[in-house]
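J.: kindly generate the corresponding structure for this input.
(one chain, ligands or ions: 1)
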Amino acid sequence: MLRILLFFALVPELLGAVSPEFAQRREKLRKEETDGIVVLFGAKESEDLHFGFFQENNFLYLTGWEEPGAILVLTPEPDKGDPALVEKARLPREILFLPQRVPSQEKWTGRKLGPSDANVAATTGFTVVMPAEQFESKLRSLLEMYQSVYALPGEATAAIARLAPLRTVLDAAAPIARLRMEKSDAEISAIQRATDASIEAHRAAWRIMKPGEFEYEIAAVMTGSYMMDGCRRSAYAPIVGSGPNSTTLHYSRNSRRMDAGEVVVMDVAAECGNYASDITRTVPANGHFTARQREIYEIVLGAQRAAIAAVKPGMTIGKKTPDSLYKIAYDYIDTHGKDLHGESLGKYFVHGLSHHVGLDVHDASDTRDPLKAGMVITVEPGIYIPEENIGIRIEDVVLVTEKGAKVLSGALPADPDEIERALAQRK
Ligand SMILES: [Mn+2]
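T.: Prediction:
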């Protein structure tokens, strides 16, 4: 057993439900939200043939459980002054509800663990596992003892409204987001792994980049690269935008033929072991920036370097929050360079600077909260000037450390000379 646990500890992408980390997260949540029970529904098996089954990420964060149809119920640590202390202390603190096995369905999507399987506790990491059909009666009895329930909008809130319409329903997303914002070492390793695979994908794209190719060829090489590295899917729809498309922030048709003299924005990254990365580089299709492209590029890079240099605990990522990294990047852009009409460039930086990265590429967070060591964010300034067909975005994944920052995607060049040198090595 110890060997198995060590194996999981060393290979974070295989962080199984039995890892103690999931139980620790649940315990933290139970101790923080002492005023109500927590009810979370996992994702269901759907008929969607496009994407396959993926667990809901809050559910995954708290359980590590990756089979469909599960339900999680947590009861708070009993309060010593509570008159119902004895009764509440007897309750299980954590219950995982699992659907019964359906052999006809298992022919299509494979063997599942059922609530009465002998190994259910060892496999799930839960001492108490009950059949999903007992969920409603169990919830009804718990609701007699607790006034409030934390749930995510949707199925859980509907079930609570039906079973106990007078209870207070609180949003579970906020307290879970507070936990999710601070990454554990295993999570940071998983993000690093997704980042390393994404870096290799960008290098693969640079090796085939040339005028006359289609954007989708670049996207194909990149997704193929990280899937061949063992990543299950893209962290988001790949964005490969050339020329005019470089100025569309989330362009994802990837259908245009690239021309000489154009820049190509590649905002493409992998999800590996359930954790996302998020990297953007902008390169010249023919291997050489024009003087104007380079001028704009260097302003974006300068803004990014200024913001990354300022990353440390206590800073914030909101546009209007105090000690804002966004403001540092915006001010840099707005005080360097001009558009064709002699106006400053701040108005062409049209999106936020940063978001958290984790299980979701735009990870659960509250952007008003000051950064802490262990948080992982992007730093991604951009300038988009449609009139000049120039869109430049440079995006890196940054770990906040005690003293500052570590750029997890720093192995991929962003310097324009280094990019031109790398492109010069194309076949
Ligand atoms: Mn991003």
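J.: residues near the residue lying closest to residue 380 once chain neighbours are set aside, how many?
T.: Closest residue to residue 380 apart from its sequence neighbours, by Cβ to Cβ, 6 or more residues apart in numbering: residue 395 at 3.5 Å. Placement of C-beta: from N, CA and C, glycine included. Other residues within reach of residue 395, judged by other Cβ atoms under 10 Å, total 24.
J.: and residue 189, that's in a helix?
T.: Yes - according to DSSP: H, G, I helix; E, B strand; the rest coil, the state of residue 189 is that of a helix.
J.: any idea how far it is from the ion?
T.: 20 Å (Cβ to the ion, to the nearest Å).
J.: what pLDDT does that residue get?
T.: With respect to pLDDT, residue 189 scores 97.
J.: next one: residue 269
T.: As predicted, residue 269 sits at a pLDDT of 98.
J.: surely it meets residue 193?
T.: No - counting by Cβ atoms under 8 Å, residue 269 sits too far from residue 193 to count as a contact (11.8 Å).
J.: who's more crowded, the two?
T.: residue 269 (31 against 22).
J.: contacting residues for the more buried one?
T.: Shown in contact with residue 269 (Cβ atoms under 8 Å, 6 or more residues apart in numbering): 194-195, 198, 201, 226, 234-236, 276-279, 361.
J.: do residue 58 as well
T.: Neighbours of residue 58 in contact, by Cβ under 8 Å, 6+ apart: 40, 152, 172, 173, 176, 180, 364.
J.: what's around the last one, how many residues?
T.: The one in question is residue 364. Neighbours of residue 364 (other Cβ under 10 Å): 19.
J.: quick check: the residue nearest to it when sequence neighbours are not counted vs residue 369, distance?
T.: Nearest residue to residue 364 in three dimensions, chain neighbours excluded: residue 177, at 3.7 Å (Cβ to Cβ, 6+ apart). Separation of residue 177 from residue 369 (Cβ to Cβ, to the nearest Å) stands at 9 Å.
J.: helices - which of the contacts of residue 58 land there?
T.: Taking DSSP state H as the definition of helices, the contacts of residue 58 contribute 173, 176, 180.
J.: can you give me the pLDDT of the residue lying closest to the last one once chain neighbours are set aside?
T.: Translated: residue 180. Residue nearest to residue 180 in three dimensions, not counting chain neighbours: residue 364, with 4.4 Å by Cβ to Cβ, 6+ apart. Looking at residue 364, its pLDDT is 94.
J.: how about residue 364, what does it touch?
T.: 57, 58, 173, 176, 177, 180, 181, 356, 358.
J.: in this structure residue 303 contacts residue 335, no?
T.: No - between residue 303 and residue 335 there is no contact under Cβ under 8 Å: 9.9 Å.
J.: ok, these two, which is more surrounded?
T.: Per other Cβ under 10 Å, whichever of residue 303 and residue 335 has more neighbours is residue 303, with 27 against 12.
J.: surely that one is in a strand?
T.: No - counting by three-state DSSP, residue 303 is not found in a strand; it is helix.
J.: if we can go back for a sec, dump the contacts of residue 58 to TSV, plus distance to the ion.
T.: Output for these, formatted as TSV (distance: Cβ to the ion, whole Å):
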residue	distance to the ion
40	27
152	24
172	25
173	20
176	21
180	17
364	15
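J.: out of these, which is nearest to residue 21?
T.: residue 180 (12.5 Å; Cβ to Cβ).
J.: name the helices or strands packed onto the helix or strand hosting residue 192?
T.: Element membership of residue 192, judged by DSSP states H and E, is helix 185-208. On a contact count with 3 or more Cβ pairs under 8 Å, 6 or more residues apart in numbering; DSSP states H and E, helix 185-208 meets helix 215-228, strand 270-272, strand 275-276, strand 376-379, strand 396-400, helix 416-424.
J.: which one, of these, ends up nearest to the ion?
T.: In terms of Cβ to the ion, the element of these nearest to the ion is strand 376-379, at 4.5 Å.
J.: dump the helix or strand following that closest one to CSV, keeping only the CA atoms.
T.: On the C-terminal side of strand 376-379, the closest following helix or strand by DSSP H and E is strand 382-385. Extracted in CSV, the C-alpha atoms of strand 382-385 (Å, rounded to 0.1, in the frame of the first residue of the first chain):
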residue,chain,number,x,y,z
GLY,A,382,-1.8,42.0,-25.7
ILE,A,383,-2.1,44.8,-28.3
TYR,A,384,-4.6,44.3,-31.1
ILE,A,385,-4.7,46.9,-33.9
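J.: how about strand 382-385 and the ion, any contact?
T.: No - Strand 382-385 lies apart from the ion when judged by Cβ under 5 Å from the ion; the minimum separation is 10.0 Å.
J.: give me the pLDDT for the residue of the stretch 201-350 of the chain found nearest the ion.
T.: With Cβ to the ion, the shortest gap between the stretch 201-350 of the chain and the ion falls at residue 278, namely 4.2 Å. pLDDT recorded at residue 278 is 98.
J.: skipping adjacent residues, who's closest to residue 287 in space?
T.: Leaving aside its sequence neighbours, residue 287 sits nearest to residue 423 (Cβ to Cβ, 6+ apart; 4.0 Å).
J.: ok, now which ones touch that neighbour?
T.: 206, 209, 283, 284, 287.
J.: farthest-apart pair in the residues you listed, please.
T.: 206 and 284 (10.6 Å).
J.: so where's this structure uncertain?
T.: 1-17, 427 (pLDDT under 70).
J.: which residues of it lie near the ion?
T.: 278, 378.
J.: the residue nearest to residue 364 touches residue 367, doesn't it?
T.: No - assessed by Cβ under 8 Å, residue 177 is found out of contact with residue 367, at 10.5 Å.
J.: which SSE is the nearest residue to residue 319 once chain neighbours are set aside in?
T.: Using Cβ to Cβ, 6+ apart and skipping residues adjacent in sequence, the residue nearest residue 319 is residue 326, 5.1 Å away. Secondary structure assigned from DSSP H and E places residue 326 in helix 325-334.
J.: same check, this time on residue 170
T.: Using DSSP H and E, residue 170 falls in strand 168-171.
J.: can you check residue 37 too?
T.: strand 36-41.
J.: which residue ranges form the helices in the protein?
T.: Using DSSP H, helices in the chain cover 2-10, 20-32, 57-63, 85-90, 103-109, 120-124, 135-143, 155-163, 173-181, 185-208, 215-228, 291-310, 325-334, 416-424.
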